[in-house]
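Trainee: I'll drop the sequence and a predicted model, then ask my questions.
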Amino acid sequence: KFYKNAYIRPGENFPPGPPSLPVYGAYWIVLLKQINNLGGSMRKIAREYRTKIVGLYLGPYATIVIDDSKLIKEGLFHEDFDGRLDIIVARLRSYWKKLGIFFTDGYFWHVQRRFSLRYMRDYGFGRREESLEAVVANETKEMIDMAKNGPKYPVEHEMVKGDLIYMQHFFAVPFINGMIHIFARTTLPRSEYKVLFDLAREVLLFQRGTNDFGGAITLTPWLKDLMPGYSGYRDMRRGNQALLDFFDKVIKQALATHDETFDRHFLDVYIRKWKEEEHTVKRTTFSEDQLQLVCTDYMFPAATGVQAVLSLLVERLLLHPEVQDKIHEEIDRVVGRDRLPTLDDRRNMPYTEACIREIMRYEPLVPLGVPHRAMKATKFAGYDIPEHCVVSFNYLSLHHDKEIWGDPENFRPERFIENGQLQVSKDKSLPFGAGKRLCAGETYARQSMFQVFSGFMQAFTVSTADGKPLKKPMRKIQGIITTLPEFWVRVTPRY
Ligand code: HEM
């Protein structure tokens, strides 16, 4: 019976892949191949089975992992694959209901994603807008001041010790305050940064409680009662609760002063719509809980993902000091030292921009993406894909495809530059995904990362805490996003 179960497939014409073992299916095999690097494991398995698409069971879930560059793009644009999974990781975030943007699908997701993007745009999200740019610049200044002139408030001592900075969360505030500005046209002042650093810490706990395949907690949800600590359940609950509590307060404040004749910020626009539909639309998708989850979903990656990318980039600078020299040269030549780099400078700073692109290619933040779900039985690349099949995309394979990149194993920002200009068309990587599920925060992420990183590099030279050159990359932690372990970096003011 064991043998029979091991080779069970969802259908005859399902992509090839490893057999299923009890309880976790092929997940054991994926973990054993290269623990702590799911993308790497899946690449190896695809090669072993000589297939562009691996088919396997992860616990009870029939899953395909697309390994081929062309098919990854096709899969991302395949509308039957726009669903999400109804899993415990999603439910535990949202009062056991299906709410938010990340983990919803169908009509509900469509309405809520479109509405939030349309009206957050009015407040600067997804485009260039002066007041948002000024907020991010101002917060970048405070961040630099914290390291240059020393901590002002107790929490800052956890981020800066002498000339060392705590990489994990040092960059957090500009990204978080930028989002609060979009939602509520306010920011938390430096005296209240503790709230924001705490949020960043809690959200990272959530990210690390699971992984791109949902981790043990998704495949065997009963672990939540049996081993709440070990299964990651407790950390995820806690990490999520911090954000829910934060937005509960912000929304309650907005509600208390809400005037339906005048929109002050995105929250007002949403509240007005929800109140309007409350009594007129039978099955409205708007509610207070949903507003809380919309804010949470946009804040999640803003409080972790963008900082994680910048810390991976700082690690690269420690490994390749010549890259740092080139960034400094570009900043000094284009911006000088009297003002912060702005988004206007971005087009004149191809090397700095290329470094941000190259780190996202080289080390994809979410190596297997956020899993999609086949919303109905469908055909893909000649295979029969059953309804509810999990669809994952191996971005590591796309970003390290020799045919596209020639030398994918090298960190080489110059690959995106031609005649001194950034050639966006040369960037075939898809760190933000594509299609209808494309990362909703791509523009915000790209713009704010440029502002924060270029401001930081204008002010400092980075080196290792122990003064010795970094010889090899650190071992990464595989959560939903890939992060570096806790580490400190020395910063030396450049002037
Ligand atoms: C460098 C940083 C980031 C990277 C690499 C990244 C990447 C991704 C990826 C790969 C997805 C999944 C796409 C899919 O399902 O196929 C995603 C989804 C999403 N991202 Fe990002 N992201 C980043 C930053 C952000 C930021 C800063 C925000 C918000 C401010 C954000 C908001 C979202 C949302 C709301 C979704 C869910 C979209 C949906 O399911 O419809 N992301 N992101």
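Mentor: That came through, no problem.
Trainee: can I get the CA coordinates of whatever helix or strand L71 lives in in PDB?
Mentor: L71 is part of helix 69-76 when elements are defined by DSSP states H and E. Coordinates of each C-alpha in helix 69-76 appear next as PDB, following Å, rounded to 0.1, in the frame of the first residue of the first chain:
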ATOM      1  CA  SER A  69      12.000  30.500 -18.200                       C
ATOM      2  CA  LYS A  70       9.500  30.600 -21.100                       C
ATOM      3  CA  LEU A  71       6.900  28.500 -19.300                       C
ATOM      4  CA  ILE A  72       7.300  30.600 -16.100                       C
ATOM      5  CA  LYS A  73       6.100  33.700 -18.000                       C
ATOM      6  CA  GLU A  74       3.300  31.700 -19.700                       C
ATOM      7  CA  GLY A  75       2.200  30.400 -16.400                       C
ATOM      8  CA  LEU A  76       2.200  33.800 -14.800                       C
END
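Trainee: That one - contacts with which helices or strands?
Mentor: If you count contacts as 3 or more Cβ pairs under 8 Å, 6 or more residues apart in numbering; DSSP states H and E, helix 69-76 packs onto strand 378-380, strand 390-393, helix 395-399. Every C-beta, even on glycine, is put in place using the N, C-alpha and C of the backbone.
Trainee: The first one pairs with which strands?
Mentor: So that's strand 378-380. Here strand 378-380 is paired, per DSSP bridges, with strand 383-385 (antiparallel).
Trainee: quick one: contacts of the strand it pairs with?
Mentor: By Cβ atoms under 8 Å, 6 or more residues apart in numbering, the residues outside strand 383-385 that reach it are 11-15, 53, 55, 64, 80, 374, 377-379, 391.
Trainee: Alpha carbons only: can I get the lengthiest helix in the chain in PDB?
Mentor: Assignment by DSSP state H gives helix 233-256 as the longest helix of the chain. Written as PDB, here are the backbone C-alpha positions of helix 233-256 (Å, rounded to 0.1, in the frame of the first residue of the first chain):
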ATOM      1  CA  TYR A 233       2.200  29.000  14.500                       C
ATOM      2  CA  ARG A 234       2.800  31.000  17.600                       C
ATOM      3  CA  ASP A 235       5.300  33.300  15.900                       C
ATOM      4  CA  MET A 236       3.000  33.800  12.900                       C
ATOM      5  CA  ARG A 237       0.000  34.600  15.200                       C
ATOM      6  CA  ARG A 238       2.100  37.100  17.100                       C
ATOM      7  CA  GLY A 239       3.700  38.700  14.100                       C
ATOM      8  CA  ASN A 240       0.400  39.200  12.400                       C
ATOM      9  CA  GLN A 241      -1.400  40.400  15.600                       C
ATOM     10  CA  ALA A 242       1.000  43.200  15.900                       C
ATOM     11  CA  LEU A 243       0.000  44.600  12.500                       C
ATOM     12  CA  LEU A 244      -3.700  44.000  13.100                       C
ATOM     13  CA  ASP A 245      -3.500  45.900  16.400                       C
ATOM     14  CA  PHE A 246      -1.600  48.700  14.800                       C
ATOM     15  CA  PHE A 247      -4.100  49.200  12.000                       C
ATOM     16  CA  ASP A 248      -7.000  48.700  14.300                       C
ATOM     17  CA  LYS A 249      -5.900  51.800  16.200                       C
ATOM     18  CA  VAL A 250      -5.200  53.900  13.000                       C
ATOM     19  CA  ILE A 251      -8.600  52.900  11.500                       C
ATOM     20  CA  LYS A 252     -10.500  53.700  14.700                       C
ATOM     21  CA  GLN A 253      -8.900  57.100  14.800                       C
ATOM     22  CA  ALA A 254      -9.800  57.800  11.200                       C
ATOM     23  CA  LEU A 255     -13.400  56.600  11.900                       C
ATOM     24  CA  ALA A 256     -13.800  58.900  14.900                       C
END
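Trainee: in the stretch 51-200 of the chain, which spans are strands?
Mentor: Along the stretch 51-200 of the chain, counting by DSSP state E, counting those that start in this stretch, strands occupy 53-58, 61-66, 160-161, 164-166.
Trainee: right, and these - which one's nearest the ligand?
Mentor: Nearest of those to the ligand, taken as Cβ to the nearest ligand atom: strand 61-66 at 11.4 Å.
Trainee: That closest one near the ligand at all?
Mentor: No. With Cβ under 6 Å from any ligand atom as the criterion, the ligand is not reached by strand 61-66; the gap is at least 11.4 Å.
Trainee: That strand: how far from the chain's middle?
Mentor: Its chain's C-alpha centre and that of strand 61-66 lie 21 Å apart, by Cα atoms, centre = their mean, to the nearest Å.
Trainee: ok, and what's touching that strand?
Mentor: Applying Cβ under 8 Å, 6+ apart, the contact partners of strand 61-66 are 10, 14-15, 25, 42, 46, 52-57, 72, 75, 85, 213, 219, 368, 371, 380, 383, 385-386, 388-394.
Trainee: circling back: determine which stretch of the helices and strands packed on helix 69-76 is the most buried.
Mentor: Highest mean neighbour count among those (mean count of other Cβ atoms under 10 Å): strand 390-393, with a mean of 26.
Trainee: Give me the contacts around that strand.
Mentor: 42, 58, 61-66, 72, 75-76, 81, 85, 212-213, 368-369, 371-374, 385, 433.
Trainee: List only buried entries from those.
Mentor: Buried members of the contacts of strand 390-393, counted by 16 or more other Cβ atoms under 10 Å: 42, 58, 61-66, 72, 75-76, 81, 85, 212-213, 368-369, 371-374, 385, 433.
Trainee: If you count neighbours, what's buried in stretch 193-201?
Mentor: Per 16+ other Cβ under 10 Å, stretch 193-201 contains these buried residues: 193, 196-197, 199-201.
Trainee: what does this protein have sitting close to the ligand?
Mentor: Residues of the chain lying near the ligand (Cβ under 6 Å from any ligand atom): 101-102, 113, 179, 297-298, 301-302, 305-306, 309, 360, 365-366, 369-370, 431-433, 437, 439-441, 444-445.
Trainee: Which members of those residues occur in helices, if any?
Mentor: Going by DSSP H, the helices hold 113, 179, 297-298, 301-302, 305-306, 309, 360, 444-445 from the residues of the chain next to the ligand.
Trainee: Now flag whichever of these is closest to H265.
Mentor: Using Cβ to Cβ, M179 comes nearest to H265 of these, at 11.7 Å.
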